Each structure stands twice: as structure tokens, then as C-alpha cells.
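Engineer: Fold the following.
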Amino acid sequence: MRFIILILFIFTAELSAYSSDEIIGKKLIVHSEIIGEDRPISIYIPAGIKKDESLYVIYLLDSQHHFHTVTGIVQSLVDYKQIPQTMVVGIETTNRPRDYLPKVNGEPKTKFQAFALSKWPDSGQEKFMKFLKQELFPFIEKNYATYPHRTLIGHSNGGTLALSAMYEYPELFNNYLAISANGWWSSDEVAENSLKLTDETRASERLFISVAGEGGRFYTGTLALLSNMEKNKPSNLAWQFKHYPERSHMSGILPAVSEGLEYLYDHLNFRITPQLAKYAKISVIKNYYSELSKQSGFNIPIPINTYVAFAEQQQINERNEAALNTLIQFTVDYPDLPYAHMSLAQGYTKSAMFKKAYENFKLALNVAKRLKLEENTIDALQDMVNSTQAKL
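Structural biologist: Prediction:
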């Protein structure tokens, strides 16, 4: 199986077609007619992804400060199959209070609102949100293959924007990672906002929210929000809270992004329990992702490694026929992936079904040639064909 995983990495790397500047971090300017200014944007595509493969999208606020931290974490999580293939769109700050702080409606209800209103009377998010919806999202979706699934990461005042987006603009994002959000709202406003989350017509959403050791309104504001959410129980929102008391306002970003992204995408990874490995068929996984697709509103394919991991566990439980059916389904769902046919051939080899193993190694080889993979990959598959043929 270690050899199979190695081959998977080879295939994935060779099929990548994104240029190095997009992998390292492509910078560009998107002009906003709505805000009336140029917005610096950074694009990051994890290494090993083909241009025609659909990506989940993370929108990162304050990217001039956090881009390299977040993209490094994303690359690692993608490499280790903890999150799906995901691109990062970093949005640099041009006017933080104007774009991130909610609008003060009526008289200020907290000291911070009074200070913000006196200091930045034009703050209020609306134009920034319109920029995202009407200008930036269409630009990204026109130029990149993406799923209709967006995650927003915000820190401090950016975290306040992430929470505000969750309350007021639920159609824009599916996931929210709010790190040390500034305690903006009054007690009454916090209660009102939590009630908005109970609306049964809202789509399924996930929230990871954290605070470090800042204390003050960062901590009390977050606890007030969580208390109201526990009391009112949002209909379609799953959330997790983490407190990092030994971390500072800035150093709390690192664990929050790593743990937060794993949580936000966790439901996309099928968990193979000992009971499932012992008794279940591939249909249980098919049904899981079918239901997940219905909830999400778009087709979520079974991750490649899930087939192989499930088949391996079935084989450990001496369920060779079930394992072969799992691998056959793998080839049905991914007919143009040499790795799928090679995995099935490996399964037939373990069952001493050498004729079928030979046929599927040949199929894997032919697909690899058609895709014009590198010569060393084709040579490796040819060796598998020859080795199996000798056993016939």
C-alpha cells in the first residue's frame, strides 16, 4: 500500500498544470467600481493540482499580513488529505475600519461604537460586501474552476467582519473562521444576531471561532455570542470554539487557522470505523457523499484516497470481494485516472486473480499513455504489466 500511495503522489504531481507563480502566490489588481479603488489580490493554488480540477475557495482578509502563514498551512493540510483541494484568495487591506466594522445604526450602544463612529464615520461594510459579491467572486469564478463553496478567514476586526457576514450576508459564504473578533456589538445586538442564525431557511454553515489571551471585549464578546448561540440553537449552523490563553493576539492566528480549517472541512472526510470496515459496502460511502451533495447544493465527489483506504480496511478484515467491489467503483467514478485502474489491479493480485490484474494494469498503462504522463510513470506501469503477465 505504501507503494500505491507513492504512485498516487507521482500521478498527482505530473498532472499539475498550474504555473509556478500561482502556486507560490500570484499577485494582481482587481479594480472596484463599487468602492472606487484598486484592490490588491493574491492567489495561491496548492502544488499538485490540475487546471481543470475544481477547487474550494478560501477568502482571506488582511492578506498582506497573513498570506504566507495561511497558504503554508493550506498546502500542508491539502498534502496530508485533511482538507480538500482548496485555493486561497488573499484580499489586502486598504481601509480597515471602513470595510470591516459594522455600521452604527442610531445612537452608539457601546463605548467602542461611539469611538469608531467619531473616528470613522463612513465605516459600514456594505460597499465591501458588494465588492465581494458583484466584482471579486465573479472574477475568481470566471478565471478558476471552483466549487460554489466559500470560506472566509478574518482576524481581529476582520473576525468581526466574518461574524457580521454570517449574520447579515449568509448567501456569500459557507464557512467562517473568526479569530479574536473585536467585541463590537452590545448585549442586545448579540442576542438579536444569534436569533438570525435560527432561521430554518438558512443553508448549512460551519463556524470556527477562537480567542487568544487578549481578555477584554475580545473574550467577553465571544463568550456572549456563544452563550446566546447555546441558548437559541442555530438551525443549520455547526460550530466549534477554541481558547488559546497562552497565545497573544497575533500568535493565536497560527493554531486557529490550522485547527479551524480542519474543523470546517472535517465533514467532507468520510470516517472509516472498525464496524464499517468489517460489515459495510461501498454503497455506504456513495450514500454519504450523495446526501452531503444534496445538503451543499453541488456534487461533492468521493475523495480518491477514500476508496483505497476503505478497500484496504476491507482486505484487512478478509473481505476481499467487498474490497474488489470498492475498487471497481473507484474505476467507474474515475475512469481517466490510471491510479484507479492500478489500485483495482493490485486488489486482483492480492486475490490471486492474475488475468484480471493483468487486464487492469494494461488499462492503467494505456490511460497513462493517452494522458502523456512522464516516462518514468509509464515505465513503472509497464513493469507491473510484465510482472503480472509472467504469472499467467
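
Engineer: Below-threshold pLDDT in the chain: ranges please.
Structural biologist: 1-25 (pLDDT under 70).

Engineer: per the record, what domains does it have?
Structural biologist: For the chain, automatic domain parsing gives the domain ranges 17-268, 274-389.

Engineer: Off-centre distance for the longest one?
Structural biologist: In this case it means domain 17-268. 13 Å (C-alpha atoms, centre = their mean, to the nearest Å).

Engineer: How about residues contacting the longest strand belonging to the chain?
Structural biologist: The longest strand of the chain (DSSP state E) is strand 146-155. Contact with strand 146-155 is made by 54-62, 66, 70, 86-87, 100, 137, 140, 160-162, 165, 172-181, 253, 257, 260-261, 264, 296-298, 300, as judged by C-beta atoms under 8 Å, 6 or more residues apart in numbering. All C-beta atoms are positioned from the backbone trio N, CA, C, and that covers glycine.

Engineer: got it, and stretch 342-354?
Structural biologist: Residues outside stretch 342-354 that contact it (C-beta under 8 Å, 6+ apart): 4, 7, 307-308, 311, 315, 320, 323-324, 327-328, 330-331, 356-361, 363-364, 381, 384, 388, 391-392.

Engineer: And that stretch, what's buried?
Structural biologist: Residues of stretch 342-354 classed as buried by neighbour count (16 or more other C-beta atoms under 10 Å): 342-349, 353-354.

Engineer: same deal with stretch 132-140?
Structural biologist: So, applying 16+ other C-beta under 10 Å, buried residues of stretch 132-140: 132, 135-137, 140.

Engineer: May I have the distance across that stretch, first residue to last?
Structural biologist: With C-alpha to C-alpha, to the nearest Å as the measure, stretch 132-140 spans 10 Å from end to end.

Engineer: next one: stretch 329-346
Structural biologist: With C-alpha to C-alpha as the measure, stretch 329-346 spans 14 Å from end to end.

Engineer: Next: stretch 235-251.
Structural biologist: Stretch 235-251 has an end-to-end distance of 33 Å (C-alpha to C-alpha).

Engineer: Buried ones among the contacts of strand 146-155?
Structural biologist: For the contacts of strand 146-155, buried by 16+ other C-beta under 10 Å: 54-62, 66, 70, 86-87, 100, 137, 140, 160-162, 165, 173-181, 253, 257, 260-261, 264, 296, 300.

Engineer: And the contacts of stretch 248-263?
Structural biologist: Stretch 248-263 is contacted by residues 58, 66, 69-70, 73-74, 77, 82-83, 151, 153, 155-156, 177, 179-180, 206, 208, 210-214, 218, 240, 242, 244, 247 when judged by C-beta under 8 Å, 6+ apart.

Engineer: How about stretch 118-136?
Structural biologist: 30, 32-35, 39, 41, 59, 89, 91, 97-104, 116-117, 161, 164-165, 168-169, 172.

Engineer: go again using 7 Å as the cut-off
Structural biologist: 30, 32, 34-35, 97-99, 101-103, 116, 161, 164, 169, 172 (C-beta atoms under 7 Å, 6 or more residues apart in numbering).

Engineer: what does stretch 222-235 give?
Structural biologist: Contacts for stretch 222-235 (C-beta under 7 Å, 6+ apart): 181, 187, 190-191, 194-195, 197-200, 202, 209, 211, 239, 241.

Engineer: Farthest pair within those residues?
Structural biologist: Spatial extent of these (C-beta to C-beta) is set by the pair Glu200 and Val211 at 29.2 Å.
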